[in-house]
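[1] Need a 3D model of the following:
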Amino acid sequence: MDVVSYLRTNILAYWWQLLLFIVSANLCGIIPSFFSNTSPSGWYGGLRKPGFTPPNGAFLPVWTFLYCSMGLAAFLVWRDGGGFTGKAGLSLRIYILSLIFNATWTPVFFNGQSPEGGLVVMVMLISSVIAYSSLYWKFNRLSSVLQIPYLVWLSIATALNASIYGMNPTVGVSYTT
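    Down below sits the predicted model:
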């Protein structure tokens with residue numbers, strides 16, 4: 001089967017479902033940012049950060065690529081694993097849980113001004129991504145491989161979050177008298 005035939009029968013026949021998976025993944029990143037002050041001149045800008053902090057301009061393109069990859073991977077597992085009610089149902093439910101953790105991190109870290117809380121959410125997020133990525137393997141190996149850049153980025157984000165927590169020990173701490 002040539003590439004065009006493969007795309008026509010395996011991807012383009014499901015174009016609207018693919019689009020739904022990609023858009024929904026991206027919305028999990030976009031919606032929380034509308035309600036959070038992620039501005040470099042805000043609270044985050046005043047924090048001490050490690051030298052490996054990515055430039056602010058890197059976050060949007062990296063996250064867009066990652067959300068699109070996540071959506072594509074989930075679509076492939078949905079298609080090849082019988083959907084949410086088929087054999088892939090558990091992996092897809094864990095994927096949705098990971099999207100909830102992902103969407104939760106921004107308001108916890110930025111709105112709650114809590115690097116500690118962000119770190120807790122990040123551990124739950126990474127655990128869920130590892131779980132669903134492992135389950136994806138039996139339905140569509142490409143889907144598991146597509147999670148590698150996401151896990152690398154989450155590892156960097158976790159190290160950054162932990163470093164910010166360690167370098168700013170009084171952030172998020174309220175003292176009562």
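
[2] any low-confidence regions in the chain?
    Within the chain, the stretches with pLDDT under 70 are 1, 6-11, 38, 40, 172-177.

[3] C-terminal to the lengthiest helix in it, which secondary structure element comes first?
    Ranked by residue count under DSSP state H, the longest helix found in the chain is helix 56-80. Per DSSP states H and E, helix 56-80 leads on to helix 89-106 as the next helix or strand towards the C-terminus.

[4] Buried ones in that following helix, by neighbour count?
    Neighbour counts over helix 89-106 (16 or more other CB atoms under 10 Å) mark 89, 91-92, 94-95, 97-99, 101-106 as buried. Just so you know, the C-beta spots here come from the backbone N, C-alpha and C atoms, and that holds for glycine as well.

[5] same check, this time on stretch 73-87
    73-81.

[6] Can I get the buried residues of helix 89-106 in JSON lines including distance to residue 54?
    Output for the buried residues of helix 89-106, formatted as JSON lines (distance: CB to CB, whole Å):
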{"residue": "89", "distance to residue 54": "35"}
{"residue": "91", "distance to residue 54": "29"}
{"residue": "92", "distance to residue 54": "30"}
{"residue": "94", "distance to residue 54": "27"}
{"residue": "95", "distance to residue 54": "25"}
{"residue": "97", "distance to residue 54": "26"}
{"residue": "98", "distance to residue 54": "21"}
{"residue": "99", "distance to residue 54": "22"}
{"residue": "101", "distance to residue 54": "21"}
{"residue": "102", "distance to residue 54": "17"}
{"residue": "103", "distance to residue 54": "20"}
{"residue": "104", "distance to residue 54": "21"}
{"residue": "105", "distance to residue 54": "16"}
{"residue": "106", "distance to residue 54": "16"}
